[in-house]
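J.: below: sequence and its predicted model.
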Amino acid sequence: MRESERAAEHADSLAPTAAAQFLKSQILAARPGALTAALTTATGVADRLTPDARTRGELETVGMARLQAGFAETLAGGDAQPHIDEAAELASRLADAPTGLSTARNVTFGPANVALWKLSAAVERREPGAALRIVETLNPADLPKGSRQAQFFVECGRAYTMKRDHRATLHALLRAEHAAPQHVRGLAPVRELVGAMLREARRDLATGELGRLAQRVGVVPA
């Protein structure tokens with residue numbers, strides 16, 4: 001991590017620095033007791049680099065740092081909306097931005113990905129109504145195929161579970177699995193959702209698709 005930060009400092013673009021600090025913040029956020037440091041890291045680099053971000057690579061990487069700041073703010077119990085709004089503004093500039101010379105990119109960043117992170121923040125705040133309103137505005141086809149589309153459907157499933165709509169949760173998880181099978185089957189939140197549904201759902205649901213999904217994700221023996 002330190003080597004990548006030193007290399008970024010000598011680059012001729014803001015993008016490597018933004019990308020390195022984004023990664024550092026994500027690593028910190030996963031460590032017990034390091035959430036404040038994760039928030040400070042992401043917010044600091046986004047605040048410092050946003051005024052000078054011009055190229056696509058810079059807008060993408062600074063935008064992702066801003067989204068990470070918003071998510072860390074949510075986990076800390078704060079208001080992520082200012083960060084989400086700033087990320088949306090950066091995303092709106094992508095179409096007219098020059099390509100630039102930096103090899104540091106994050107092509108997943110864009111308006112749809114901003115909406116996805118906003119959805120995740122609503123789910124983390126346990127606001128299923130707000131989350132499902134975001135779902136109505138976001139076409140998963142606008143997200144990169146694979147894990148990003150899968151994340152969308154997992155977040156849908158988490159929101160539906162809060163409303164105790166097991167059938168909608170199952171449908172969302174099956175779509176997530178279709179988008180990225182191996183990725184989704186290894187996710188702890190998916191196993192938690194499936195386990196909860198097995199305990200609460202009607203028998204006809206539990207012995208059908210849900211039971212088979214439970215076997216595939218390892219909640220019950222195959």
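T.: The structure has been received and is ready for your questions.
J.: just for this structure, where's the confidence low?
T.: With pLDDT under 70 as the threshold, the chain has low-confidence stretches at 1-12, 202-206, 221-222.
J.: just the helices in it please.
T.: Under the criterion DSSP state H, the chain contains helices at 2-9, 15-29, 35-49, 56-75, 81-92, 111-124, 128-137, 147-162, 166-179, 181-185, 188-200, 203-206, 209-217.
J.: would you turn those helices into JSON lines with distance to Thr103 and mean neighbour count?
T.: For the C-beta atoms, the positions are set from N, CA and C on the backbone; glycine is no exception. Supplementary listing: these in JSON lines, determined by distance: least, Cβ to Cβ, whole Å; neighbours: other Cβ atoms under 10 Å:
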{"stretch": "helix 2-9", "distance to Thr103": "12", "mean neighbour count": "12"}
{"stretch": "helix 15-29", "distance to Thr103": "8", "mean neighbour count": "23"}
{"stretch": "helix 35-49", "distance to Thr103": "17", "mean neighbour count": "20"}
{"stretch": "helix 56-75", "distance to Thr103": "8", "mean neighbour count": "27"}
{"stretch": "helix 81-92", "distance to Thr103": "19", "mean neighbour count": "19"}
{"stretch": "helix 111-124", "distance to Thr103": "20", "mean neighbour count": "22"}
{"stretch": "helix 128-137", "distance to Thr103": "33", "mean neighbour count": "16"}
{"stretch": "helix 147-162", "distance to Thr103": "21", "mean neighbour count": "23"}
{"stretch": "helix 166-179", "distance to Thr103": "28", "mean neighbour count": "20"}
{"stretch": "helix 181-185", "distance to Thr103": "26", "mean neighbour count": "15"}
{"stretch": "helix 188-200", "distance to Thr103": "33", "mean neighbour count": "16"}
{"stretch": "helix 203-206", "distance to Thr103": "49", "mean neighbour count": "12"}
{"stretch": "helix 209-217", "distance to Thr103": "37", "mean neighbour count": "17"}
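J.: so which of the ones you listed gets nearest Arg105?
T.: Relative to Arg105, the nearest member of the helices of the chain by Cβ to Cβ is helix 56-75, separated by 4.7 Å.
J.: now do the closest one against helix 111-124, angle only.
T.: Using axes from the mean of the first three to the mean of the last three Cα atoms, to 10 degrees, the inter-axis angle of helix 56-75 relative to helix 111-124 is 10 degrees.
J.: helix 56-75 vs helix 35-49, what angle?
T.: An angle of 150 degrees separates the directions of helix 56-75 and helix 35-49 when computed by the same axes, to 10 degrees.
J.: C-alpha coordinates for helix 56-75, PDB please?
T.: Written as PDB, here are the backbone C-alpha positions of helix 56-75 (Å, rounded to 0.1, in the frame of the first residue of the first chain):
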ATOM      1  CA  ARG A  56     -11.800  10.900 -17.400                       C
ATOM      2  CA  GLY A  57      -9.400   8.900 -15.300                       C
ATOM      3  CA  GLU A  58      -9.200  11.700 -12.700                       C
ATOM      4  CA  LEU A  59     -13.000  12.200 -12.600                       C
ATOM      5  CA  GLU A  60     -13.500   8.400 -12.300                       C
ATOM      6  CA  THR A  61     -10.900   7.800  -9.500                       C
ATOM      7  CA  VAL A  62     -11.800  11.000  -7.500                       C
ATOM      8  CA  GLY A  63     -15.400  10.100  -7.900                       C
ATOM      9  CA  MET A  64     -14.900   6.700  -6.500                       C
ATOM     10  CA  ALA A  65     -13.000   8.200  -3.600                       C
ATOM     11  CA  ARG A  66     -16.000  10.500  -3.000                       C
ATOM     12  CA  LEU A  67     -18.400   7.500  -3.100                       C
ATOM     13  CA  GLN A  68     -16.200   5.600  -0.600                       C
ATOM     14  CA  ALA A  69     -16.300   8.700   1.700                       C
ATOM     15  CA  GLY A  70     -20.100   8.600   1.500                       C
ATOM     16  CA  PHE A  71     -20.300   5.000   2.300                       C
ATOM     17  CA  ALA A  72     -17.900   5.300   5.200                       C
ATOM     18  CA  GLU A  73     -20.000   8.300   6.400                       C
ATOM     19  CA  THR A  74     -23.100   6.000   6.300                       C
ATOM     20  CA  LEU A  75     -21.300   3.300   8.300                       C
END
